[in-house]
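Asker: next come a sequence and a model predicted from it.
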Amino acid sequence: MTFPISFPPQHQDQHPGFEYAMLPLPVYDDDRFVAKGNLLHNKVALITGGDSGIGRAVAIAFAKQGAHIAIAYYNEHKDADTVREMIESLGKKCLLIPTDLTVKSECESVVSKVIHHFNKLDILVNNAAVQYETQKLEFISENQFDKTFKTNVYGTFYMTQAALPHLQSGASIINTTSVVAFHGNETLIDYSMTKGALVAFTRSLATSLAKSKSGIRVNAVAPGPIWTPLIPSSFSEEKVAQFGADTPMGRAGQPVECSGAYVFLASDAASYITGQTIHINGGEIVNA
């Protein structure tokens, strides 16, 4: 797998805690994509799945733009500690909250801990997700279907429902959907369904909050093939070797290449944008 953009080794993740060896290593931080600034000065962001993948890149980018970070994650404690160290090295606070987002009371507890620790919440990024490749619809088990929906959809719904009473005018909710929500995927049928549900959720909630004059914006980011630990854990070696090759750019993207879109949507620069989806997919044209 090749990446035409050169990423210096110091920007690549060297943490050995990944369950799967990844070559090249994912890139989560690079000043060419998000440099230090003040777009999110003193804001508090809660990011689900912020211990790895796109969530990690977003957490670092937010901290570089002045935000304090809370990360809700499942059980990758070493990865979460690595992100916390990176955020604290930027002079920002970081709260780690291990949790199970499929349980409503756990989501309520996460938000309660964030409010208790930071006294406010300005940005919610619903990013945590699971996916399982299955060759045919009839092979998708009840347990897989249930887990995929509970993690990807229920978790987003419960977390947003818990956070909403604490968000003030100017706050931002950002949901991570996917390119597969728009064109589908023959071996990720249940995952694609959940990501389509998040697009509908984004648009519906954005309209509801806009009409209530709350001043809270709701948007989404739809990544295409991005090189995260989820990929080698989901696909065969053959598919991993060709991952992203069918995009117009001919390569997979790196997590850091998604982070700027989240910074933009979270900032006041996107104050007139709600109910929209930013597509980061290597050039594929989709109906937005």
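Answerer: All right, it came through fine. Numbers count the residues shown, from 1 in each chain.
Asker: just give me the longest helix of this structure.
Answerer: Across the chain, the longest stretch assigned as helix under DSSP state H is helix 189-211.
Asker: put the alpha carbons of it into CSV.
Answerer: The C-alpha atoms that make up helix 189-211 are tabulated as CSV, following Å, rounded to 0.1, in the frame of the first residue of the first chain:
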residue,chain,number,x,y,z
ILE,A,189,-24.6,-4.6,4.4
ASP,A,190,-25.4,-4.1,8.1
TYR,A,191,-22.6,-1.5,8.6
SER,A,192,-23.8,0.4,5.5
MET,A,193,-27.3,0.4,6.9
THR,A,194,-26.1,2.0,10.2
LYS,A,195,-24.2,4.7,8.4
GLY,A,196,-27.2,5.5,6.2
ALA,A,197,-29.2,5.8,9.4
LEU,A,198,-26.7,8.3,10.8
VAL,A,199,-27.1,10.5,7.6
ALA,A,200,-30.8,10.6,8.2
PHE,A,201,-30.3,11.3,11.9
THR,A,202,-28.0,14.2,11.1
ARG,A,203,-30.4,15.8,8.7
SER,A,204,-33.5,15.3,10.9
LEU,A,205,-31.9,16.5,14.1
ALA,A,206,-30.3,19.5,12.4
THR,A,207,-33.7,20.5,11.1
SER,A,208,-35.3,20.0,14.5
LEU,A,209,-32.7,22.1,16.3
ALA,A,210,-32.7,24.8,13.6
LYS,A,211,-36.4,25.3,13.9
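Asker: partner strands of whichever helix or strand comes after it and their direction?
Answerer: Moving toward the C-terminus from helix 189-211, the next helix or strand (DSSP states H and E) is strand 217-223. Strand 217-223 pairs in its sheet with strand 172-176 (parallel), strand 277-280 (parallel), by DSSP bridges.
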